[in-house]
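1. 3D model of this:
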Amino acid sequence: MAKETKTDPKELTVEQKLKALFQLQTMLSEIDKIKTLRGELPLEVQDLEDEIAGLTTRIEKIKSEVDELKAAIAGKKVEIEVAKSTVEKYKSQQDNVRNNREYDFLTKEIEFQNLEIELCEKRIREFTNEEKIKSEEASHSIVALEERQKDLDLKKSELNEIVSETKQEEEKLRDKAKELETKIEPRLLQSFKRIRKNSRNGLGLVYVQRDACGGCFNKIPPQRQLDIRSRKKIIVCEYCGRIMIDPELAGIQVEVKVEEKKSRR
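-> Next up, the predicted model:
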C-alpha cells in the first residue's frame with residue numbers, strides 16, 4: 001500500500017494508467033448519476049433566487065420612487081401655503097396703497113401667486129396619480145415575490161432532501177476520485193477531463209465493441225484494434241477523440257466476442 005502511494009504517475013505502465021482512468025471514469029459517472037437524480041432542481045432554485053433578487057430590487061426602487069413622489073407632494077403643499085400667505089399679505093397691502101401704480105403691481109403679484117397655487121395643485125394631482133400607480137405596481141410585485149419565495153422554499157426543501165440522501169455517497173465517491181487523480185499523470189488527466197467535458201454522455205474513455213468505438217460507433221481498423229489490445233500506448237479515436245481501452249481491461253466479458261466469432265463461422 002505504501003509503495004503505491006509513493007509511485008510516480010509517470011512510472012506507471014500504459015495498462016495501469018488506463019485502469020486508473022477507467023476507475024476514475026466509473027467514479028465520475030456515479031457522481032453524474034447522483035446529479036441526475038437532482039434533475040433540474042438546482043437550476044430551478046438558481047432561477048427562482050435570481051427572480052426573487054430581481055423582484056426585491058424592483059420593489060425597493062418603486063418604494064424609493066413613491067417616497068420621492070410623497071416628498072414632492074409635501075413640497076408642493078408647502079409652496080401652496082407660502083403662496084396663499086403671500087396673497088393675503090398683498091391683499092392687505094392693497095388697502096394701504098398710495099397710488100394706482102402700487103395697486104396694479106400688487107394685483108399682478110396676487111395673480112402670479114394664484115397661478116403658482118394652480119400649478120402646484122396640478123402637480124400634486126399628477127404626483128398623486130403617479131404615486132397610486134407606483135404603489136399598485138409595488139403591491140403586485142410584493143405578491144409575486146411572496147409566491148416566488150414559497151416556490152423557492154418548496155424547491156429548496158426537495159433539493160435538500162435529495163442532497164441529504166446522496167451526500168454521504170457523493171462525498172465518498174469524490175474522495176475516491178481525488179485519490180485516483182493523484183495516480184494519473186497530470187497531462188493525461190487534463191486531456192481526459194477535457195474530452196469528458198466535451199462529450200455529450202460524459203465519457204472520456206470508451207472500450208471497443210464490435211470492432212467499433214464505444215463512443216461514436218465508427219469502425220476501428222484491425223491494426224488499431226491490435227494496438228489497443230496490446231496496451232503499449234494511449235490510443236484515441238480519430239473520429240471523436242475519446243481515449244480507447246481494451247474491453248477485457250474494462251472488465252467486459254471477452255467471451256461475448258468469442259461466441260460472435262463462432263456464430264459467424
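2. how far away is the residue most central in space within the chain from S141?
-> Most central in the chain under CA atoms, centre = their mean is Q46, positioned 5.4 Å from the mean C-alpha point. Computed as CB to CB, to the nearest Å, the Q46 to S141 distance reads 20 Å. Placement of C-beta: from N, CA and C, glycine included.
3. wait, isn't Q94 in contact with Y103?
-> Yes - counting by CB atoms under 8 Å, Q94 sits close enough to Y103 to count as a contact (5.9 Å).
4. which SS class is A250?
-> Classification of A250 by DSSP: H, G, I helix; E, B strand; the rest coil places it in coil.
5. now do the top helix by length along the chain, average pLDDT.
-> Longest helix in the chain by number of residues (criterion: DSSP state H): helix 100-181. Taken as a whole, helix 100-181 has a mean pLDDT of 91.
6. quick one: mean pLDDT over the very next helix or strand once past that helix.
-> Downstream of helix 100-181, the next assigned helix or strand under DSSP states H and E is helix 186-198. The pLDDT scores in helix 186-198 average 85.
7. how many neighbouring residues does S199 have?
-> 17 (other CB atoms under 10 Å).
8. and for the one 4 residues further on?
-> Neighbourhood size, L203 [other CB under 10 Å]: 18.
9. residues touching it, list them.
-> Q25, S29, R196, G214, G215, R242 (CB atoms under 8 Å, 6 or more residues apart in numbering).
10. then I80?
-> I80 sits in contact with I117, C120, E121, where contact means CB under 8 Å, 6+ apart.
11. relative to E116, how far out is it?
-> 8 Å.
12. which of the three states applies to R200?
-> coil.
13. near it, how many residues? Count them for me, please.
-> Considering only other CB under 10 Å, R200 is surrounded by 7 other residues.
14. now G214. Its backbone dihedrals?
-> Main-chain dihedrals, G214, degrees, to the nearest 10: phi -70, psi 0.
15. hang on, I meant N218
-> Main-chain dihedrals, N218, degrees, to the nearest 10: phi -80, psi 150.
16. could you find the closest non-adjacent residue to it?
-> Y239 (4.4 Å; CB to CB, 6 or more residues apart in numbering).
17. could you identify the helix or strand that succeeds the particular helix or strand that has Y207 in it?
-> Per DSSP H and E, Y207 falls inside strand 205-209. The helix or strand immediately downstream of strand 205-209 is strand 212-213, counting by DSSP H and E.
18. state the mean pLDDT of that following strand.
-> pLDDT averaged over strand 212-213 gives 86.
19. returning to that earlier point: out of the contacts of L203, which end up buried?
-> With neighbours counted by 16 or more other CB atoms under 10 Å, these contain buried members at Q25, R196, G214, G215, R242.
20. K108: which of these is nearest?
-> R196 (86.0 Å; CB to CB).
21. my guess is the closest one contacts V206, does it?
-> No - using CB under 8 Å, R196 is not in contact with V206; the gap is 10.8 Å.
22. and the angle for the stretch of helix or strand L69 belongs to with helix 100-181?
-> Using DSSP H and E, L69 maps to helix 41-94. Counting by axes from the mean of the first three to the mean of the last three CA atoms, to 10 degrees, helix 41-94 lies at 170 degrees to helix 100-181.
23. now helix 41-94, how far from the centre of its chain.
-> The chain centroid and the centroid of helix 41-94 are separated by 34 Å under CA atoms, centre = their mean, to the nearest Å.
24. got it, and stretch 120-134?
-> 40 Å.
25. same check, this time on stretch 100-108
-> Per CA atoms, centre = their mean, the centroid offset for stretch 100-108 relative to its chain is 71 Å.
26. could you do stretch 134-151 as well?
-> The answer for stretch 134-151 is 22 Å, by CA atoms, centre = their mean.
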